[in-house]
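Asks: Fold the following.
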Amino acid sequence: MATIYEVSNLAGVSLATVSRVINNNARVSDKTKQKVLDAMVQLGYRPNSIAQSLASNCSNSVGVLVSELNGAFFGQMMAGIEAELRAAGKHVIITTGHSDEEKEKEGIEFLISRNCDALIVHVEGLSDEYLIELTKGSTPIIFMSRFVETIENHCISLDNELGGYLATKNLLEHGHKDIAYIAGPQVKPDAKARFTGHQKALQEHGIAFDNTLYFEGDFCETGGIDGLKYFLDNGVTFTSLVCANDEMASGAMTYAREHGISLPQDLSVIGFDNIIFSRHIYPKLTTIDNPVGEMGHMAAKLVLKNVYKKTDEDIQYSFEPTIIDRDSVSKIN
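Replies: You can find the predicted model right below:
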């Protein structure tokens, strides 16, 4: 294996000059740089990335922590982050936290130990107080889909309460009054905010919240299946169903069809997130758009701006959800 010393000898330059070329230092003339590059090619020399990071104090890598690797939601998030960073010559190191406090802590510590220049994390099990402490460390950190007021310049967030409000308001405007709700786990800030929005819409229309029309799901298809089964088994009367994410909406719709319920004639369903399959299931799902891919791009731009000084673009920290009208909601006369 060729060494930096051999490159130096063949190019006829100092070790320091070779190091400057490897680290893309502008203090080297184009002619000298080309001599070094030619020598590297001739010798088959590949720079040691670990040694480079130690020398430059920059690993050109960003750590990304998400709850899960499966599912369209996190796929869209990671794709947005990776595309923006890769275009700037940076790479991502990805790990998971599984929405568990200890696993999220382990994931963050792992990424820091890999000398990542910054972290972009989606965490659900960690407290606001813990996140505030993290921002005091030496590794810059950005929080996805999370808002903490005292560290708002570290947060790229969605107004989840507004999204929950818009979902239920859409059904109310279609004439529905008996509205069942399948929530996400209420330990998760986004699920809690969406449910708050649901209650706000009911209150504005003079409808009292009915606990028999509430089921706490798991943000997976199983939550939608279990939720709709619970309502039907208990003889609850309702004409429409709000699901706190599209995966649960998909599960509920599958269970409905399997039990002879016509959609949307017998039951209107609305989801949340607008993940890719929502436009392909039958009927096409009316949902709340959660621009998580765009938010991923923005989180990466924030890192490029603050850590690598690669852009001076304005950063959008807060995103607003919008309703996506499709075919799964019918009007009641």
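
Asks: how far away is Leu304 from Glu216?
Replies: In this structure, Leu304 and Glu216 are separated by 39 Å, where distance is defined by C-beta to C-beta, to the nearest Å. C-betas here are computed from N, CA, C, even on glycine.

Asks: Over to Ile4?
Replies: Distance of Ile4 to Glu216, given as C-beta to C-beta: 59 Å.

Asks: quick revisit: neighbour-wise, which of Leu304 and Glu216 wins?
Replies: The residue with more neighbours, out of Leu304 and Glu216 and counting by other C-beta atoms under 10 Å, is Leu304; that gives 21 against 18.

Asks: check which helix or strand covers Glu102.
Replies: helix 101-113 (DSSP states H and E).

Asks: now for that helix, which elements pack on it?
Replies: strand 61-66, strand 91-96, strand 118-121 (3 or more C-beta pairs under 8 Å, 6 or more residues apart in numbering; DSSP states H and E).

Asks: now the last one: mean pLDDT?
Replies: The predicted model assigns strand 118-121 a mean pLDDT of 98.

Asks: Go through the very next helix or strand once past that strand and flag the buried ones.
Replies: Past strand 118-121, further along toward the C-terminus, the next helix or strand under DSSP H and E is helix 128-134. Within helix 128-134, the residues scored as buried using 16 or more other C-beta atoms under 10 Å are 131, 134.

Asks: who's in contact with helix 128-134?
Replies: Under the contact criterion C-beta atoms under 8 Å, 6 or more residues apart in numbering, helix 128-134 has outside partners 105, 108, 123, 141, 143, 146, 148, 150-151, 154.

Asks: Which two among those are spaced furthest apart?
Replies: Checking the contacts of helix 128-134 against each other with C-beta to C-beta, the farthest-apart pair comes out as Lys105 and Thr150, at 20.1 Å.

Asks: Which one's more surrounded, those two?
Replies: Comparing Lys105 with Thr150 by other C-beta under 10 Å, the one with more neighbours is Lys105, at 16 against 11.

Asks: Okay, the residue lying closest to the more buried one once chain neighbours are set aside and Lys188: tell me how far apart.
Replies: Closest residue to Lys105 in three dimensions, ignoring its sequence neighbours and counting by C-beta to C-beta, 6 or more residues apart in numbering: Leu126, at 7.1 Å. Here the distance between Leu126 and Lys188 works out to 11 Å (C-beta to C-beta).

Asks: Check Phe219 too.
Replies: When C-beta to C-beta is the yardstick, Phe219 and Lys188 sit 8 Å from each other.

Asks: before we move on, the earlier item: export the helices and strands packed on helix 101-113 to JSON lines and append columns for mean neighbour count.
Replies: Conversion of the helices and strands packed on helix 101-113 to JSON lines gives the following (neighbours: other C-beta atoms under 10 Å):
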{"stretch": "strand 61-66", "mean neighbour count": "25"}
{"stretch": "strand 91-96", "mean neighbour count": "17"}
{"stretch": "strand 118-121", "mean neighbour count": "24"}
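
Asks: What segments of the chain are strands?
Replies: Read by DSSP state E, the chain holds these strands, from start to end of the chain: 61-66, 91-96, 118-121, 141-144, 155-158, 179-183, 214-216, 240-243, 268-270, 287-289, 318-319, 322-324.

Asks: Kindly export the third one (C-alpha atoms) in PDB.
Replies: What follows is strand 118-121 as a C-alpha-only set of coordinates in PDB (Å, rounded to 0.1, in the frame of the first residue of the first chain):
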ATOM      1  CA  ALA A 118     -23.000  17.500  13.700                       C
ATOM      2  CA  LEU A 119     -26.000  15.400  14.500                       C
ATOM      3  CA  ILE A 120     -29.600  15.500  13.100                       C
ATOM      4  CA  VAL A 121     -31.900  13.500  15.400                       C
END
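
Asks: Just the buried positions in stretch 184-195, please.
Replies: If you call a residue buried by 16+ other C-beta under 10 Å, then stretch 184-195 has these buried ones: 184-185, 188-195.
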